[in-house]
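Trainee: build me a structure from this.
(one chain, ligands or ions: 1)
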Amino acid sequence: MGETSATLENPPAQSPSFTTTKLTKPEEVSKYMTQLCQILQDCVNQGASIGFLAPLSTEEATTYWTQVSNLITTPTQHLFILTSSSSTPSNPPNPTILATVQLTVSPKITHVHKAEVVKLLVAPSARRQGIARKLMEHVEDFARDEGKEFLVLDTATESPAREMYRRLGWEEWGTCKDYASWPDGSRCDATFFRKELGTIRTQEEE
Ligand SMILES: CC(C)(COP(=O)(O)OP(=O)(O)OC[C@H]1O[C@@H](n2cnc3c(N)ncnc32)[C@H](O)[C@@H]1OP(=O)(O)O)[C@@H](O)C(=O)NCCC(=O)NCCS
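Mentor: Numbering: from 1, shown residues only. A predicted model of the protein is given here:
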């Protein structure tokens, strides 16, 4: 009991493979524009406080991602996507974006030792499967390789993301009242986090 057997008529569904990619050219953002807009609109329209009011239109979302695409050619903005791709001999890989996140670095010479994590977005249908954890581990490895000492971020205090960052080992260092707004325009407090990058992840953590 509990085991499943596959037959030729009913082959097992192929589990998707996950790939994390750093987009470095505006053309790459254009290729994924529809999916990037969808994930941003879904997150905002479902209540995440990430810099936009709801309802977020496709036009506004496109404007945002176009601005990001113009910045990723600079050393101060890094854009990552996590895609899933299921393929069979008859169906070539068709990458679907499940999550995205950005890393920004201040251009000030006195701030180059750290970076800020912004806009971690996981598609609603892909949540609670370890996708954010996987993407954040990749970003932390990237930042460490770039010589960064620690990462910072902020999130709405009443957001589920706050508990997620705690679980991912981030350290809370403060809360600012009325720091930002929810998508409905009402004010929300923000909690600020930092995470040291000093040590290489151990195998048990991977
Ligand atoms: C917050 C968000 C990024 C989490 O993504 P996710 O892929 O579901 O997270 P994961 O499955 O990788 O979970 C990582 C850890 O956080 C915990 N977690 C995730 N969502 C949680 C929630 N809603 N409540 C409590 N804990 C949560 C998980 O249990 C897991 O901990 P564990 O490994 O110890 O069990 C996702 O819900 C999202 O995109 N929300 C909207 C956008 C947003 O708020 N982004 C943050 C902006 S700062």
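Trainee: what separates residue 110 from residue 76, distance-wise?
Mentor: According to CB to CB, to the nearest Å, residue 110 and residue 76 sit 14 Å apart. Every residue, glycine included, has its C-beta placed from N, CA and C.
Trainee: for the two, indicate the residue with more neighbours.
Mentor: Using other CB atoms under 10 Å as the criterion, residue 110 and residue 76 rank with residue 76 on top: 13 against 6.
Trainee: check the gap between the nearest residue to that one once chain neighbours are set aside and the ligand for me.
Mentor: Using CB to CB, 6 or more residues apart in numbering and skipping the chain neighbours, the partner closest in space to residue 76 is residue 105 (4.8 Å). Using CB to the nearest ligand atom, to the nearest Å, one gets 18 Å for the distance from residue 105 to the ligand.
Trainee: now the strands for this structure?
Mentor: Listed in chain order, the strands of the chain (DSSP state E) span residues 17-23, 77-85, 96-104, 114-122, 150-156, 171-181, 187-196.
Trainee: got the residues of the protein near the ligand?
Mentor: 43, 48, 50, 120-122, 127-133, 155, 159-161, 163-164, 167 (CB under 6 Å from any ligand atom).
Trainee: does the residue nearest to residue 76 touch residue 115 like I think?
Mentor: Yes - the pair formed by residue 105 and residue 115 meets the contact definition of CB atoms under 8 Å, at 4.9 Å.
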